[in-house]
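1. Could you look at this predicted model? Sequence included:
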Amino acid sequence: MKLPSLNFICLRLIQNKKNRRQDGFTLIEIIIVLGIIGAIAGVVIPNLTLSVDSQMSSSLRSLTGQIRAAYDDAIFSGRLHRMIFDIKTGEYWVEQAPLGFEGRPPLMDSDSESESLLKKDKRNDLIKLFDEQYKNNFDRQMPTSTASNMKYYSIRSIPVVQRKILKPIEWREINDAVTYRQKLQGNVVFAQILSAVSSKKFDFVAITNNNDKSKKEYAYIYFLPNGTATATSIKLATRSKNIETSINEEGPKFTINLNSLTGESNLLEGFQDANFTLPRK
């Protein structure tokens with residue numbers, strides 16, 4: 001029996017391949033194409049169920065991600081953290097307190113400049129007082145001390161701890177692969193930021209229309225190592241095209257309410273007023 005030549009076999013394979021192309025795609029090819037389309041859609045389409053433009057969705061994802069990263073880092077590092085918001089520029093970043101700082105986050109400055117200065121004067125006076133008490137108490141024997149059982153005042157005595165709380169902190173800005181300084185995208189602005197530790201509202205329109213252009217206006221969120229944070233409400237909107245110091249009332253608006261116990265960011269469509277009052281038993 002005569003075997004077919006090599007040229008004949010090659011011609012038959014080419015013809016079969018052409019016939020398959022004319023018949024259409026195979027099931028495997030269709031599945032592969034659908035998989036590629038799904039992967040591209042997962043990257044391009046924002047991971048939000050709300051209808052927003054690309055600038056707003058990108059700003060929301062980045063902001064909530066940084067809030068969560070700061071919350072987690074405060075717990076894992078055992079250090080007090082704070083997120084700072086520049087209302088005028090739309091920038092925000094995270095700073096870390098020094099290791100061993102045992103104080104509580106300071107309250108916001110009041111609306112009254114005179115009250116703010118008065119608090120600073122009282123604070124400086126208290127620091128001087130605690131310094132004197134620290135000198136007197138440090139390495140001093142306690143009244144209950146005996147020759148066989150010597151006792152000294154601890155470095156963690158009340159004046160020392162109180163002084164640490166009052167002493168100004170040298171914050172260090174975090175800049176790594178996860179947490180770094182960012183800015184809201186495009187025309188997105190911090191329309192309003194309200195914190196549970198202060199009655200002051202950081203309002204974009206009021207701040208940008210202030211005659212003192214050199215004055216800095218910062219809002220803060222504090223993250224404690226014990227897993228709590230200052231309850232905060234952040235309202236985002238877009239800047240008006242005609243007037244840069246006003247909000248576009250027709251544009252997208254969103255509210256981020258931070259849960260002080262879990263660090264979870266609750267995203268709401270529109271401007272939603274937060275209720276920071278504790279529930280009654």
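-> Thanks, I have it.
2. Quick one: neighbours of residue 274, just the number.
-> Here the count is done by other CB atoms under 10 Å, and residue 274 has 19 residues near it. For the C-beta atoms, the positions are set from N, CA and C on the backbone; glycine is no exception.
3. Quick check, it in contact with residue 233.
-> Yes. Using CB atoms under 8 Å, residue 274 is in contact with residue 233, at 3.6 Å.
4. which neighbours do the two share?
-> Counting by CB atoms under 8 Å, 6 or more residues apart in numbering, the common neighbours of residue 274 and residue 233 are 194, 255, 257.
5. I'd say the last one and residue 263 touch.
-> Going back to what we said before, that points to residue 257. No. The pair residue 257 / residue 263 is not scored as a contact, 11.9 Å apart, by CB under 8 Å.
6. Without its sequence neighbours, what residue ends up closest to residue 90?
-> Excluding the flanking residues, the one nearest residue 90 by CB to CB, 6 or more residues apart in numbering is residue 184, at 3.9 Å.
7. which residues sit in contact with that neighbour?
-> Here residue 184 is in contact with 59, 63, 90-92, 190, 236 (CB under 8 Å, 6+ apart).
8. Between these, which sits nearest residue 74?
-> Taking CB to CB as the measure, residue 74 sits nearest to residue 92 out of these, at 16.0 Å.
9. any idea how far residue 146 is from that closest one?
-> Using CB to CB, to the nearest Å, residue 92 is found at 57 Å from residue 146.
10. ok, these two, which is more surrounded?
-> Taking neighbours as other CB under 10 Å, residue 92 and residue 146 compare with residue 92 leading, 23 against 8.
11. what is the more buried one paired to in the beta sheet?
-> Listed by DSSP bridges, the beta-bridge partners for residue 92 are residue 85, residue 182.
12. From what I see, it and residue 64 are in contact.
-> No. Residue 92 lies out of contact with residue 64 (CB under 8 Å); the separation is 11.6 Å.
13. Can you work out which residues contact both of these two?
-> Residues touching both residue 92 and residue 64 (CB under 8 Å, 6+ apart): none.
14. domain parsing for this protein?
-> Listed domain ranges for the chain are 53-98+170-276, 111-168 (source: automatic domain parsing).
15. Nothing else from me, thank you.
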